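J.: Sequence and computational prediction follow.
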Amino acid sequence: MFERFLNLSRFHKRLVSVFVDVLALFFALWAAFSLRLDQQVWIPNQGQLVVCGLTVVCTIGVFIKLGLYRAVVRYLSDRAFLTVISGVVISAITLILLGYWLEIQVPRSVPIIYGALAFIFVSGTRMTVRMLVHRPKNRNKQFVAIVGAGETGLQLANALEQGTEYHPCAFITLRKGNHRALVNGIPVYDISHIERAVKEHRIKRLLLALDANSGIDRKRLLKKLEPLAIPVQTVPTMSELVAGQARINDVRDLEIEDLLGRDPVQPDNAQVARSLYNGAVMVTGAGGSIGSELCRQIIQHRPSKLVLFEQSEYSLYAIERELQAINRIEGLSVEIHALLGSVTHRRRCEIAMRSFGIETVYHAAAYKHVPLVEHNVIEGVQNNVFGTFHVAEAAIAAGVKRFVLISTDKAVRPTNVMGASKRMAELVLQGLAQRQSDTIFSMVRFGNVLGSSGSVVPLFRDQIRDGGPVTVTHPDIIRYFMTIPEASQLVLQAGSMGQGGEVFVLDMGEPVKIADLARKMIHLMGLLEKTDDRPDGDIEIVFSGLRPGEKLYEELLIGDNPQGTAHPRIMMAREASMPWEEVEQTLNGLIRASHEFDCQGIVDILKSAPTGFSPNGSVADLVWCNGAKDVIPFQVEKVRQLHQ
């Protein structure tokens, strides 16, 4: 029967609502007179019947005018009850006036009793229907607790009540004074009683809904939640809600910043803005994880032109479309130009810089994946070393004012070709900074970027969702971490601070143990680690061994005496450089070795340069190891003989 009512058309539901309200109002009038006159069965006379009928008709008209019948019962809000109160008050006044005008006896207390009963009956019928509609849905929902009993938590609770997936049955507060309170009918528990709350309410998921100005230490909070072994998720930030990028009930996995457990680096936006505003900026590798975030932040500073230089057609298309949307929505009026091209083509780079009058170049194009570069030595050196050299020479020829290289902590005492090639790229720029003074070269060195294409966090998350195992190379391996926005902010900051040849590094706090990060992710996704002591666990961590060229730990500085800068979290490395003549000789040697496909020769040259390169194994290039080291010397000698 109730299901048939729910399936009625909107018009017929309104008719039913009007009919029920008519009955409720007549009953309220009858009950009010009966209570006032102390009669068990009050029978109205003709005049009283007319007054009651007119009162009910006027009240229904008022309800229609106030929009009560347009409100969907299952989504009733506080405003609907205010509408009922307003209608009932007008109805009671109408009863008084009609009794006075028609000279019908209406005791003075009857309108008051009638108003109270009418509100109870009219709102009560709607509350009953709403409860009946939501009760079966709540049974099918997953029971969740909301961590945070502030405005954000209350908004989330209201949104989830209207949804079909989650039923909020407890708030978790970090303020002891709020313990055992009720918020919107939902009990509040102090964080110290969270285990009891989880058991009592059979909670299957925790949702973080912390107010932006709460000042809560998220790292300490996650440490308290981790032992519960139930999934911990979060909701969008207030800035995302205001910008319309997400809804309050868009529940998602914990942000990378939460896993990182430290405050992000804050940039000096005024200084960055001065260096970018109304200028022409070019980003190489614009479609990559770092390059694309750089573009998103650069466009907010309103340069006159933003040139996207990328060799991947799809990546270039994706970032251009995204930036054009930002440009249009926010009215930034930035000229965006998408150029296909490789950084190894010097003429292409130079003509692009000249054509658009580029003033600042952010060089993010590089091969960064350690094992892949280790298996493709020549391509890695061509892209990372000569790509940097060609773009830098193009920048000098085109009169570019500033050139910023995105480097890596793997360039410090490298044990792999990728790190050595990035250190060599730094040395090339330092040499060019000595050779001329028109273009200011600077380098920015940072640790692993969480959320990038090669980051462990999305890899671990996928492995956990697939049921494991989670693969970690070594139980003791540690890494410095930062987020993509942080890395991009640092690059922009360094671009505005550089005077020529500096290597900037970030004070990144304590390094993170990769195995501990994996365990934290397993626990915060509501699962248990499978170990020898706990064979019934969910996800096993498997140690696969260090990959070719991989180090147990990374460093950010070669020397131990960094110099401070105007930014409290940014340091400047004091490290050895090479005179341009030696840089040129090294580059010539790398060119010859590359043309001869001599991977061992490339490794030897990188070792002889002041890169600190100390490979932890033999050459791992796939072509070299599969016969090229025997074939190539013979072919090279044959070519020489032909030329003679």
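T.: Everything's here; your move. No experiment lies behind these values; they were computed from the predicted model shown.
J.: buried ones in stretch 337-352?
T.: Neighbour counts over stretch 337-352 (16 or more other C-beta atoms under 10 Å) mark Ala338, Leu339, Gly341, Ser342, Val343, Thr344, His345, Arg346, Arg348, Cys349, Glu350, Ala352 as buried. (Glycine included, C-beta is placed from N, CA and C.)
J.: Show the backbone phi and psi for the last one.
T.: Think Ala352. phi -70, psi -40 (degrees, to the nearest 10).
J.: Please identify the helix or strand for the residue nearest to it when sequence neighbours are not counted.
T.: Nearest non-adjacent residue to Ala352, counting by C-beta to C-beta, 6 or more residues apart in numbering: Leu339, 5.6 Å away. Assigned by DSSP states H and E, Leu339 belongs to strand 335-340.
J.: Need the residues that contact that strand.
T.: With contacts defined as C-beta atoms under 8 Å, 6 or more residues apart in numbering, strand 335-340 is touched by 286, 299, 304-311, 313, 316-317, 319-320, 323-324, 327, 352, 356.
J.: That one: partners in the sheet, and parallel or antiparallel?
T.: strand 305-310 (parallel) (DSSP bridges).
J.: Looking at the partner strand now, give me its mean pLDDT.
T.: Here strand 305-310 scores 96 as its mean pLDDT.
J.: what's downstream of it, the next helix or strand?
T.: helix 313-330.
J.: Report the buried residues of that next one.
T.: Ser315, Leu316, Ile319, Glu320, Leu323, Asn327.
J.: The stretch 501-644 of the chain: strands as residue ranges?
T.: Using DSSP state E, counting those that start in this stretch, the strands of the stretch 501-644 of the chain run over residues 502-506, 512-513, 529-530, 539-543, 563-564, 570-573.
J.: if you compare those strands, which one is most tucked away?
T.: Scoring these by mean neighbour count under mean count of other C-beta atoms under 10 Å gives strand 502-506 as the most buried, with a mean of 25.
J.: ok, it: who's next to it in the sheet?
T.: Assessed with DSSP bridges, strand 502-506 is paired to strand 440-445 (parallel), strand 570-573 (antiparallel).
J.: picking up where we left off before, the strand holding Leu339 versus helix 313-330: what angle between them?
T.: Interaxial angle of strand 335-340 relative to helix 313-330 (axes from the mean of the first three to the mean of the last three C-alpha atoms, to 10 degrees): 170 degrees.
J.: What mean pLDDT does strand 335-340 get?
T.: 96.
J.: Could you number the chain from 811 rather than 1 from now on?
T.: In the new numbering, first residue 811, that becomes strand 1145-1150.
J.: other SSEs contacting the longest strand along the chain?
T.: Using DSSP state E, we find that the single longest strand of the chain is strand 976-983. For strand 976-983, the elements it packs on are strand 952-957, helix 961-972, strand 996-1000, helix 1004-1010, strand 1015-1018, judged by 3 or more C-beta pairs under 8 Å, 6 or more residues apart in numbering; DSSP states H and E.
J.: Check what contacts the third one and list those residues.
T.: In other words, strand 996-1000. Under C-beta under 8 Å, 6+ apart, the answer for strand 996-1000 is 955, 959, 967, 978-986, 988-992, 1006-1007.
J.: Weed out the non-buried ones from those residues.
T.: Ala955, Ala959, Ala967, Pro978, Cys979, Ala980, Phe981, Ile982, Thr983, Leu984, Asn988, Ala1007.
J.: now, the most widely separated pair of those residues?
T.: Cys979 and Leu984 (18.7 Å; C-beta to C-beta).
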